[in-house]
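Participant: this is a predicted model, with the sequence first.
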Amino acid sequence: MKKNNISQTVLFVLLIFFASCKADKAQSENESKAIVVCFDRYNPKPYKTAGGIAHLPIPKVSYMDNKGNLVRYTPQTSADTIVLTSVDAFAELALSYRDFEYIYFPIVQGDTVTITMDSQDYPLLSSKYHPERNRIYNMNYKLRKGRTHSGLEAKTCLGSDWVRIAQSIDVIRANNWTSLLADYCPLDSLHSMFNSYKAAYTDTINLFKQQQIISDKIYNHYQYLLTLKDYESRRILNEDTTFYRRMEAGISDEYASYPSYHEYLDYYLWFTNQHIPTIRKSQGRSKDWCQTFDELSAKPFQPKSMQILLKRCIKEISENFSAQDVNHYLDKYLQITQDTTLHNNIKEQYNLSADANQLLLEDIQGKTTNLSLLLKKHKGKVIYVDFWASWCVPCREEMAPSAKLRELYKGKDVEFVYLAYNDTKSSWKKAAKQEGLAEIENNFIITNSKNSKTLEAIKLELIPRYIIFDKQGSLVEMNAPKPSDEQATIVINKYLKQ
């Protein structure tokens, strides 16, 4: 009996030992799959071309988290670290360059890399334990040499404003529009640069595969990334309204763990919208995204891809349609995707259940009010209202003249009110600080932009937009002069004297 007890005890200890070893091994395997990304003073600055072409800022870093969500991230300016996880042989990291283009890096599972910048803010990767991989990670940096215009890849120029400049060069020269001339590049030169790049790219990844320094999986992914570049280059000059069908073969949940796949689907949506006549005629404006939603929802896409596509449609619909339309398509979206998170976020963001008879406002500290209360508070003063948004370039160009206008009327019976329209709270707060509005008393975000009868009454469709209330709180100027217009002071003074 005693011997049996000893045997059972030994067996129990051995089982614990092997279980512990198995757990340690599993933990070790999980750690080896993690990818550590260290940012060393990675802080690219806003960029304008020689002729002044600029883009609105895009997220500096994008990656997929372990739940399959796309994460947009801005590293700390001095040093920062993120950890990527992947069940695949690699994880993909996206880094923006000059706010015009994303560079996608398939980073090998288990690696630790440091990201720095060259003198032109181009990202450079350095592997801590496998320096031989630096040649692979930075291959795009080498391939760009001599094949860029305005510091950007030829495919970026072919997919953007440079095409319009090249097509209108005779008119531009005749009018001596020097800023546009500074960005001019002939289309055949852009095509030649891109073809040279594609040939060199293909030769390089073929060599890597031949030398067995990249796996078949990574080789195939690099080919996929080249296809993505090719789609961007075709956007403006492509006249085939059925081109989107070619891309549908590449729509698969297999790629949903890559940030580049989201850009792929963006291009697919662009080509899809060109197929819809009403959108094509209106230069792709957002007013027909309901039709895009309806077309996409009838296609046999896999669940993750369908959700990404319809989520983009919902975003456009929520920013450009009435509360009734938004609610209708949110219900459709929920029925197809079962994604309650986006459904609830949109409801909350646009305050769709709020009192439609009021223009609801929230200040930077989170305190709420409405336009009616604001007018009562400042009765006896002229009120100059500025409708703007963080994403609106013309709006933000007027902020410096607006600051001068505020200074001019300091101590007088004039109140300047800033109302952020169709904006997110995080973007609005950041922009408000940048534009010197954070400390201003009358700086608000509209929390029911899509559900306010007030905005319907003043027919607010485009921003920037400026209106003026007189000292009695009556709306007297539906389209007031912008701050940089010399007529602004004349109009304000007229109501100030009354």
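Facilitator: On my side now, so go ahead.
Participant: state the distance from the residue nearest the centre of the chain to V37.
Facilitator: When the chain is reduced to its mean C-alpha position, the nearest residue by C-alpha atoms, centre = their mean turns out to be I58, at 4.9 Å. Going from I58 to V37 by C-beta to C-beta, to the nearest Å gives 18 Å. C-beta: built from backbone N, CA, C; applies to glycine.
Participant: got it, and S160?
Facilitator: Separation of S160 from V37 (C-beta to C-beta) stands at 29 Å.
Participant: likewise for Y122?
Facilitator: 17 Å.
Participant: ok so the residue nearest to the centre of the chain is a helix residue?
Facilitator: No: I58 sits outside any helix when classified using DSSP: H, G, I helix; E, B strand; the rest coil, being coil.
Participant: neighbours of P59, just the number please.
Facilitator: Neighbour count of P59, defined by other C-beta atoms under 10 Å: 16.
Participant: again but with S372, I slipped
Facilitator: Residues near S372, counting by other C-beta under 10 Å, number 13.
Participant: what's it in contact with, if anything?
Facilitator: Listed by C-beta atoms under 8 Å, 6 or more residues apart in numbering, the contact partners of S372 are Q358, L359.
Participant: how about a cut-off of 10 Å?
Facilitator: By C-beta atoms under 10 Å, 6 or more residues apart in numbering, the contact set of S372 is N357, Q358, L359, T454, G473.
Participant: for the stretch 251-400 of the chain, which segments count as strands?
Facilitator: Per DSSP state E, counting those that start in this stretch, the stretch 251-400 of the chain carries strands over the ranges 360-363, 368-370, 382-388.
Participant: next one, pLDDT for the closest residue in space to K45 that isn't next to it in sequence please.
Facilitator: Of all residues not flanking K45 in the chain, D121 sits nearest, at 6.3 Å (C-beta to C-beta, 6 or more residues apart in numbering). As predicted, D121 sits at a pLDDT of 94.
Participant: all strands for the stretch 1-150 of the chain, in order.
Facilitator: With DSSP E, counting those that start in this stretch applied, the stretch 1-150 of the chain shows strands at 35-40, 61-64, 70-73, 79-84, 90-97, 101-108, 112-117, 123-127, 148-149, listed in chain order.
Participant: what packs against the fourth one?
Facilitator: In other words, strand 79-84. In terms of contacts (3 or more C-beta pairs under 10 Å, 6 or more residues apart in numbering; DSSP states H and E), strand 79-84 is packed against strand 35-40, strand 61-64, strand 70-73, strand 90-97, strand 112-117.
Participant: contacts for the first one next, please.
Facilitator: What it means is strand 35-40. For strand 35-40, contacts defined as C-beta under 10 Å, 6+ apart pick out 60-61, 63, 73-86, 90-91, 93, 95, 105, 107-117, 123-126, 128.
Participant: what does the last one give?
Facilitator: Counting contacts by C-beta under 10 Å, 6+ apart, the residues outside strand 112-117 that touch it are 34-45, 61, 75, 79-81, 83-84, 93, 95, 97, 105, 107, 122-130, 133-134, 137.
Participant: quick one, helices of the stretch 101-250 of the chain?
Facilitator: Secondary structure of the stretch 101-250 of the chain (DSSP state H, counting those that start in this stretch): helices located at 134-137, 139-143, 154-158, 161-167, 169-174, 178-182, 187-210, 216-234, 244-248.
Participant: which one of those helices lies closest to E101?
Facilitator: With C-beta to C-beta as the criterion, E101 lies closest to helix 154-158 of the helices of the stretch 101-250 of the chain, at 4.8 Å.
Participant: circling back to that earlier point, buried subset of the contacts of strand 35-40?
Facilitator: The neighbour count (16 or more other C-beta atoms under 10 Å) marks 60-61, 63, 75, 80, 82, 84, 86, 90-91, 93, 95, 105, 107-115, 117, 123-126 as buried among those.
Participant: out of the helices of the stretch 101-250 of the chain, which gets nearest to H378?
Facilitator: Per C-beta to C-beta, nearest to H378 of the helices of the stretch 101-250 of the chain: helix 178-182, 41.3 Å.
Participant: this completes my enquiry, with thanks.
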